[in-house]
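Enquirer: Quick one, fold the following:
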Amino acid sequence: MVITKHIVADKLAGYLHHQITLAQLVDWAENAMLDGDFSEQDIGALSAVISRLGVADVRAFGLTWEDCEQLLQQLGYSARVDVVVARS
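Expert: Have a look, this model is predicted:
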């Protein structure tokens, strides 16, 4: 499968929405770097973002909200926060 900006943005969004864990995101990124077939037109941005996600579980790197915003920008996306009433 060819990895596109959209696929990477969806993975990052899944993490931000708590649909996948940080460990799952890192695992996906590591596998993508090893086995991935990147979209040729976006290979620079894709390899930079995916390699950054691949080290997000290392304490020295981590993954902050600001990091996520910046990575999404590199992919041509932006993040938006919606605050809603919590359910009990």
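Enquirer: what sits up against the worst-scoring helix or strand of the chain on mean pLDDT?
Expert: In the chain, the helix or strand scored least confidently by mean pLDDT, DSSP states H and E is strand 37-38, which has a mean of 90. Strand 37-38 is contacted from outside by M1, V2, I3, L46, S47, using CB atoms under 8 Å, 6 or more residues apart in numbering. In short, each C-beta sits where N, CA and C put it, glycine included.
Enquirer: What strands flank that strand, and is each parallel or antiparallel?
Expert: Sheet partners assigned to strand 37-38 using DSSP bridges are listed as strand 2-3 (parallel).
Enquirer: for this structure, what spans make up the helices?
Expert: Per DSSP state H, the chain carries helices over the ranges 5-16, 22-35, 43-54, 65-74.
Enquirer: could those helices be laid out in a markdown table, adding mean pLDDT?
Expert: What follows is these, written out as a markdown table (pLDDT from 0 to 100):
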| stretch | mean pLDDT |
| --- | --- |
| helix 5-16 | 96 |
| helix 22-35 | 95 |
| helix 43-54 | 95 |
| helix 65-74 | 96 |
